[in-house]
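Visitor: With the input below, show me the fold.
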Amino acid sequence: MIGPILRGAAAGAAGTTALNAVTFLDMAVRGRAESETPKKTVEALADRAHVSVPGRGEELANRTASLGSLSGTATGVAVGVAYGLARHLGIRPPLWAGALMATAAALAGSNGPMTALGITDPRTWSTTDWVSDIVTPRCLRLGDRSHLRRRRLILGVGAARVRTRTPRSP
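Guide: I've put the predicted structure just below:
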């Protein structure tokens, strides 16, 4: 049972890394600033939980921004773990359906709390906002998942099974 969890976590971390790379590339190309919503989410969650993030001034701002970024990584890893467990339980949707399910889970895990806390409202997003949040990074993830599935590179998934099923010659 630990194998699917670790493989899912690794796939989620790899997907999150790819998503971060595309996000920073988009920021560089369009000259846009980093989103403030993850930081605001950390602040709102800390306030609701009646805990304070330590620090003052710039230190506090840096800490909340870092925690916001880490929350995105945690969401990606959690989605990967869930996907790995689903595959372990025999749920193996076609590539397109798996990509849609992973995208929906990632969006719910990241944008859901922000929306529930009143930090953002997806109904007010522009087309550019939606493209930045969904289309470009998810297309990358779909292509990456397809390549990894064909090559079976995610931590050697399937490689051991292939070797153990090969008949030995006398």
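Visitor: moving C-terminal of the longest helix along the chain, what's the next helix or strand?
Guide: Ranked by residue count, the top helix of the chain under DSSP state H comes out as helix 57-88. Counting by DSSP states H and E, the next helix or strand C-terminal to helix 57-88 is helix 95-116.
Visitor: Can you give me the buried ones in that next one?
Guide: By 16 or more other Cβ atoms under 10 Å, the buried positions in helix 95-116 come out as 98-99, 101-103, 105-107, 109-111, 113-115. For the C-beta atoms, the positions are set from N, CA and C on the backbone; glycine is no exception.
Visitor: Tell me which residue lies nearest the centroid of this structure.
Guide: residue 76 (2.5 Å; Cα atoms, centre = their mean).
Visitor: Excluding chain neighbours, what is closest to that residue?
Guide: residue 16 (3.1 Å; Cβ to Cβ, 6 or more residues apart in numbering).
Visitor: do residue 62 as well
Guide: Nearest non-adjacent residue to residue 62, counting by Cβ to Cβ, 6+ apart: residue 55, 7.7 Å away.
Visitor: how near is that neighbour to residue 17?
Guide: 27 Å (Cβ to Cβ, to the nearest Å).
Visitor: mind checking pLDDT for residue 28?
Guide: pLDDT recorded at residue 28 is 88.
Visitor: what residues are up against residue 4?
Guide: By Cβ atoms under 8 Å, 6 or more residues apart in numbering, the contact set of residue 4 is 84, 85, 87, 88.
Visitor: May I see those organised as TSV, with distance to residue 119 and pLDDT added?
Guide: Below are these laid out as TSV (distance: Cβ to Cβ, whole Å; pLDDT from 0 to 100):
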residue	distance to residue 119	pLDDT
84	30	90
85	30	91
87	33	89
88	35	91
